[in-house]
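1. Give me coordinates for this.
(one chain, ligands or ions: 1)
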Amino acid sequence: MGNAILEETLKELEVTQKEFWNVAKETGNFLNMLVKMNNSQSVLEIGTSNGYSGLLFLDALKSTGGMFTTIEFHDSRRLVAVENYNKCGFSGKYNSLKGDACEILKSFCEKDKFDFVFIDANKREYVEYFKIIKPHLLPHSIIAADNVNSHREKIQTFLDSIYADKDFQTEILDLPGGLSVSYKLS
Ligand SMILES: C[S@@+](CC[C@H](N)C(=O)[O-])C[C@H]1O[C@@H](n2cnc3c(N)ncnc32)[C@H](O)[C@@H]1O
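-> Residues are numbered from 1 along each chain as shown. As a prediction, this is how the structure comes out:
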């Protein structure tokens, strides 16, 4: 990483991981690698919390030269995330959107496009996020979704929907909580 403040901040946030529902360290590292492997230019995160996963996306986007957008309706958590991003040197590299995820996704215009989407907000709404964001995905995009094993009952409609969709190839990885990764074939 080569960014001492970032490494220190990540370590601090790992202490309160359960309190802020952050992704596990292994999941964050994998997402960071995936963004670099796919050379993603436009990452959208649904569910910011205090910015732990966002810091790992921003670190990866430093290599690809891309931009990060993240959505959170809980304002005090969102402001902590913003503070963390800025403290680690990522000012000007992100859009932090405040509000309900479905409402914000529906407000995107035709030219708003993403090549990486990370779903990590209301588990029962995963399927809605997928349906709304699909028209905004570039060819060969990736959709990753956290907690697909730990919250299987709540997210099953999402998995049914994305497995049935011939535009995507999907696999579930045995990371803590279970992470699904879907690849848009064209
Ligand atoms: C699991 S946490 C996100 C953790 C974060 N991705 C990380 O790993 O650091 C989920 C967050 O989504 C937010 N959230 C839940 N439902 C939401 C909704 N409908 N719209 C916007 N944010 C929502 C919660 O307030 C919470 O902070």
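2. Over to the residue positioned nearest the centre of the chain. Which of the three states is it?
-> If you average the C-alpha coordinates of the chain and look for the closest C-alpha using C-alpha atoms, centre = their mean, you land on F118, 2.7 Å from that point. F118 carries the three-state label strand when classified by DSSP: H, G, I helix; E, B strand; the rest coil.
3. what about the closest residue to it other than its chain neighbours, neighbour count?
-> If the residues on either side of it in the chain are set aside, F118 comes closest to E45, at 4.6 Å by C-beta to C-beta, 6 or more residues apart in numbering. (Glycine included, C-beta is placed from N, CA and C.) E45 has 28 neighbours, counted by other C-beta atoms under 10 Å.
4. and the helix or strand containing E45, average pLDDT?
-> In this structure, E45 sits in strand 42-46 according to DSSP states H and E. Strand 42-46 comes out with an average pLDDT of 99.
5. residues in contact with it?
-> The set of residues that contact strand 42-46 without belonging to it, under C-beta atoms under 8 Å, 6 or more residues apart in numbering, is 35, 53-54, 57, 60-61, 66-71, 101, 105, 113-121, 129, 133, 138.
6. at 6 Å what do you get?
-> For strand 42-46, the surrounding residues in contact (C-beta atoms under 6 Å, 6 or more residues apart in numbering) are 57, 66-71, 101, 114-119, 121, 129.
7. By neighbours, which of those wins?
-> The member of the contacts of strand 42-46 that has the most neighbours, counting by other C-beta under 10 Å, is F57 with 29 neighbours.
8. Tell me which residues touch that residue, please.
-> F57 is in contact with V43, F68, counting by C-beta under 6 Å, 6+ apart.
9. tell me the secondary structure for it?
-> When classified by three-state DSSP, F57 comes out as helix.
10. What of G177?
-> When the structure is reduced to helix, strand and coil (three-state DSSP), G177 reads as coil.
11. Hmm, H151 and it touching each other?
-> No - the pair G177 and H151 fails to qualify as a contact (C-beta atoms under 6 Å) at a distance of 7.7 Å.
12. List the neighbouring strands of the strand holding E45 plus their orientation.
-> In its sheet, strand 42-46 lies beside strand 67-72 (parallel), strand 114-119 (parallel), with partners assigned from DSSP bridges.
13. So which bits of that strand are buried?
-> Burial within strand 42-46, assessed by neighbour count using 16 or more other C-beta atoms under 10 Å, is assigned to S42, V43, L44, E45, I46.
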